[in-house]
Structures are given as structure tokens and as C-alpha cells.
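In: No sequence on hand, only this structure:
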């Protein structure tokens, strides 16, 4: 039997779980993952893990770090699913990292229309992704909603959500509710 290492409460190298509606509803009981923006539907951003406390905090140290290839703002809240960290950088570029080693597993660049940057009020930031049923969802600075395969980083589908004649974008992280991907458009 293969024994997979456990890091921070999650198993590294496991096949990503589906993140079904039931798993998202019960995210508060899942100490092994951070399945959505804010961790739970009420977005408390609270981790119930007990390993770090007043007695252990002084023993913390840096295990790994990665810089994203940008000098622009990075504002995403990552999600963690079975030992994989999914996050975004400017221009809605999505990254998947191995939580144990920090190795980049894949990068997905939606090739956002850079000419629309002048229409975005707060630069070309992206605030994160949603994970649902083995897919990573990202909204783009040029107004598209895109689904990416969580294991490979390959685009599954995309749809335009804005009127291109208007100064709109998506900079917020998508949310999942009852099998629907919910996004908001940002205006400037």
C-alpha cells in the first residue's frame, strides 16, 4: 500500500477530491482542505487547526516560498485541495503548487486582453479561484469565466460574461452555490 505524506493536515499527492456541493456545505468540518474563498460559505477565514498556538509559534520557519513572475499586485486568497494550492496572479493567471515542496505543478494563462487594463479601476489584480468537481474556475480581467481541469491546468471551457463595449472586468474570486458558478463584474 502506498503511503502518502501528510502536510498541514492534508495528504500530498492524492487525487484531488471533487469538492461536491455536500463537501462545500460541510467545509467547516474539513480540517484537511481550504475548499473555497474564505474557507466556508460564511467566509470567516478561520482555520480550526491546533498545531500552531502560543507554545509552538516560535518554532515556525520557512519551508518554501515562490515568487510569481510579476511586479504587479497579488491579492488572491488561495484554495487548498488535497495537497495542491491553487492561486492566481495578475492578468488572471492561475497557478497550481504542491503544498509540500512548493513545486509548480502547472500554470494556466488565459491570455487576457491587455488593452482592457485601462478600463479596470484597481489594476489587473485577481482575487482567486473556485474549486468544484475537479475543476478550477477563474474570472478574467477581460470579463471571461473559465473552467480549467484541476489536475492538468488545461482549459475545459470559457464564456464571455460582459458587454465588451462597457468598462467591465472580473477581479473577484468566483463562488460556487448549488452547482452554479457565481461571479460579479467589476466596473470602472
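Out: Looks like it arrived, so ask away. Computed from a prediction, not measured in an experiment: that's the story for all the values here. Residues are numbered from 1 along each chain as shown.
In: In stretch 181-188, which residues are buried?
Out: Of the residues in stretch 181-188, those buried by neighbour count under the rule 16 or more other C-beta atoms under 10 Å are 181, 183, 186. Any C-beta I mention is one placed from the backbone N, CA and C, and that applies to glycine too.
In: Of these, which is the nearest to residue 108?
Out: Distance to residue 108, by C-beta to C-beta, is smallest for residue 181 among the buried residues of stretch 181-188, at 16.2 Å.
In: residues contacting the closest one?
Out: 130, 132, 137, 145, 147, 174-175 (C-beta atoms under 8 Å, 6 or more residues apart in numbering).
In: Surely it is in a strand?
Out: Yes. Residue state for residue 181 (DSSP: H, G, I helix; E, B strand; the rest coil) corresponds to a strand.
In: Show me what it is bridged to.
Out: The residues paired with residue 181 through beta bridges, assigned by DSSP bridges, are residue 176.
In: Quick check: it vs residue 123, distance?
Out: Distance from residue 181 to residue 123, counting by C-beta to C-beta, to the nearest Å: 24 Å.
In: one step back: turn the buried residues of stretch 181-188 into CSV, columns for distance to residue 166 and pLDDT.
Out: Converted to CSV, the buried residues of stretch 181-188 look like this (distance: C-beta to C-beta, whole Å; pLDDT from 0 to 100):
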residue, distance to residue 166, pLDDT
181, 21, 94
183, 16, 92
186, 11, 82
